[in-house]
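Participant: Quick one: sequence and predicted model below, then my questions.
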Amino acid sequence: MRVLVLVLVPLLLAAQADALDLEKLTRHVDGRVASYVQTLREWVAVESDSSDVSKRPELHHMMNLTADKLRSLGGKVEMVDIGLQELPDGKSIPLPKVVTAQFGEDPSKHTVCIYGHVDVQPAKKEDGWATEPYNLTDINGNLYGRGASDNKAPVLAWIHTVEAYKALDMELPVNVKFLIEGMEETGSNGLEAMIIAQRDTFFLDVDYIIISDCGWLSRRPALTYGTRGNCYFFAEVEGPKQDLHSGVYGGTVIEPMTDLIGILDTLISPSGKILIPGIREAVAPFSDEEWKMYQDIEFDMENYKEKHLNPVPQVDLLAHRWRYPTVSIHGIEGAFSASGSKTVIPAKVTGKFSIRQVPNMDPATVKKQVTEYLHSVFAKRKSPNSLKVTMIIGAKPWLADTQHSLYEAGKEAIKKVFQVEPDLIREGGTIPVARTFQDVTEKSIIMLPIGGFDDGLHSQNEKMSRYNYIEGTKLFIAYLHEVAQIKKVIYFCVIVR
Ligand SMILES: CC(C)C[C@H](NC(=O)CN)C(=O)O
């Protein structure tokens, strides 16, 4: 009788990094600085503000530019249609397509997927910018422009990484995929559905996901292992049928703005304590180990004190930035906000606020807690006006395992390029899709930032330093070499007769 046995044999492959290759690639990067800056200038010139629907043609153009750039390097590029965006007035407009690209399909190599975004936050010169926000301006080695650091230069640095290998006719040490979106700054609308739909196609051979959409904490390079989530709310209070003259009608109506300010004021105490029942109780306890870690991190308190009010001890500051939730009130739509004076009673006002969330908070629970709380506070006012609460973003927090070889690879690459050990940090901001990647694809994720601690993201005078842009590109090259050295397990079948 003949017996057929199937044996699965794990084969461990580890690529060798070649120091000479790295040197050549680094020299190539140094020779391309002017062209890298020029490409960033062209990208920053595109007003790809995802929050302003009137700028949607610019955003589509930005996605096309990104696709063209990746195509010009020989990538297998697709522009994935992710459907429509529903607007508050009931209309809908096309979402910007997601750009995917692939370089290399060698099954013996690891495959990394680089995630980034090319949309930006709004910016106007009159907000207090020293330069035109969409005209990249080089001052003392800093490249000022909206989206320079968040996230156009880091996306370009990854593209330059691939470009360097192509230019030198060198093989990439790993297969590289790109997934670049255009809605990150408004909550990555449409991306989760796309990731779910492509889990068994685009993501099937992806081993690791790399995100470079954040900054260092100090001048010391860092690896990021956590982000806060974000629940973004609109609280709309509606009263009279139209805006009213405050002299004619003041005192005869209950003003929507008074109601709105009243309910917003119950979200958080003057000392910053969140007053919504259940929120603080959900926060995972802050351990002694974490306390010690935060204490030892290099953080420039002096610089922080110069720019911000209310300095607190380092551990508290970092814990409040990374580890605890917070409520921020961002604006009121419908309110008079121009310079000058207008004696109007607005008929409808919408308060916009968000809650940064941390483990173990959950957006669905936060939505319920906030909605019920605001309605109960509003009911106590016995106002004739109406209140509508909507959660428009519900992004979860994300945490990674820093013991994973991806982080070891990150430490090695940083040591090679910057000759220092990195800080291991968390991020107070949100990458809405980080947790989706983790939950849907079950791949390991690392955040490898190249932005500076003082880049002014979302703020006036956002910048990316030439140093971080160029050395960051070298870091990405070194990182790919380190990832290539992570042992890859390949299973194959042996038939024994
Ligand atoms: C959900 C927010 C709009 C996401 C935004 N993300 C970033 O700034 C990262 N580039 C944030 O405000 O954290």
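Facilitator: Everything's here; your move. Residues are numbered from 1 along each chain as shown.

Participant: From now on I want contacts and neighbour counts done on CA atoms only, so please keep to that.
Facilitator: Fine.

Participant: Looking at stretch 116-123 now, give me its mean pLDDT.
Facilitator: Here stretch 116-123 scores 98 as its mean pLDDT.

Participant: so how far is that stretch from its chain's centroid?
Facilitator: 10 Å (CA atoms, centre = their mean, to the nearest Å).

Participant: Contacts for that stretch next, please.
Facilitator: Stretch 116-123 is contacted from outside by 47-52, 59, 62-63, 133, 146-147, 150-152, 154-155, 179-185, 211-213, 458, 460, using CA atoms under 8 Å, 6 or more residues apart in numbering.

Participant: try 7 Å
Facilitator: 48-50, 59, 133, 146-147, 151-152, 155, 179-185, 211-213, 458 (CA atoms under 7 Å, 6 or more residues apart in numbering).

Participant: Now intersect those residues with the strands, please.
Facilitator: Using DSSP state E, the subset of these located in strands is Leu179, Ile180, Glu181, Ile211.

Participant: how about the residues of the stretch 51-200 of the chain near the ligand?
Facilitator: Residues of the stretch 51-200 of the chain lying close to the ligand (CA under 6 Å from any ligand atom) are Asp150, Glu185, Thr186, Gly187.

Participant: want to throw those residues into CSV with distance to Thr326, neighbour count and pLDDT?
Facilitator: Converted to CSV, those look like this (distance: CA to CA, whole Å; neighbours: other CA atoms under 10 Å; pLDDT from 0 to 100):
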residue, distance to Thr326, neighbour count, pLDDT
Asp150, 22, 29, 98
Glu185, 19, 23, 96
Thr186, 18, 18, 95
Gly187, 18, 21, 94
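
Participant: would you list those residues in JSON lines and tack on distance to Glu289?
Facilitator: Formatted as JSON lines, these follow (distance: CA to CA, whole Å):
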{"residue": "Asp150", "distance to Glu289": "31"}
{"residue": "Glu185", "distance to Glu289": "33"}
{"residue": "Thr186", "distance to Glu289": "35"}
{"residue": "Gly187", "distance to Glu289": "32"}
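
Participant: Could you give the bridge partners of Leu84?
Facilitator: Leu84 has these beta-bridge partners by DSSP bridges: Pro94.

Participant: How much space separates it from Ile180?
Facilitator: 18 Å (CA to CA, to the nearest Å).

Participant: between these two, who's got more neighbours?
Facilitator: Looking at Leu84 and Ile180 with other CA atoms under 10 Å, you find the greater number of neighbours at Ile180, namely 23 against 14.

Participant: State the distance from that one to the ligand.
Facilitator: Note on Ile180: its distance to the ligand, by CA to the nearest ligand atom, to the nearest Å, is 13 Å.

Participant: got the contact list for that residue?
Facilitator: Each residue near Ile180 by CA under 7 Å, 6+ apart is listed here: Val98, Val99, Thr100, Tyr115, Gly116, His117.

Participant: Dump the host helix or strand of Tyr115 to PDB, keeping only the CA atoms.
Facilitator: Assigned by DSSP states H and E, Tyr115 belongs to strand 111-117. Once non-C-alpha atoms are left out, strand 111-117 reads as follows in PDB (Å, rounded to 0.1, in the frame of the first residue of the first chain):
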ATOM      1  CA  THR A 111       5.400  43.300   0.700                       C
ATOM      2  CA  VAL A 112       4.900  46.600   2.500                       C
ATOM      3  CA  CYS A 113       1.900  48.900   1.900                       C
ATOM      4  CA  ILE A 114       2.600  52.600   2.300                       C
ATOM      5  CA  TYR A 115      -0.400  54.600   3.400                       C
ATOM      6  CA  GLY A 116      -0.600  58.400   3.100                       C
ATOM      7  CA  HIS A 117      -2.900  61.200   2.100                       C
END
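
Participant: Skip ahead from that strand and say which helix or strand is next.
Facilitator: Next in sequence after strand 111-117, counting helices and strands by DSSP H and E, comes strand 137-139.

Participant: Now do that following strand: distance to the chain's middle.
Facilitator: Worked out by CA atoms, centre = their mean, strand 137-139 lies 25 Å from the chain centre.

Participant: Pull out the buried positions in that strand.
Facilitator: By neighbour count with 16 or more other CA atoms under 10 Å, strand 137-139 contains the buried residues Thr137, Asp138.
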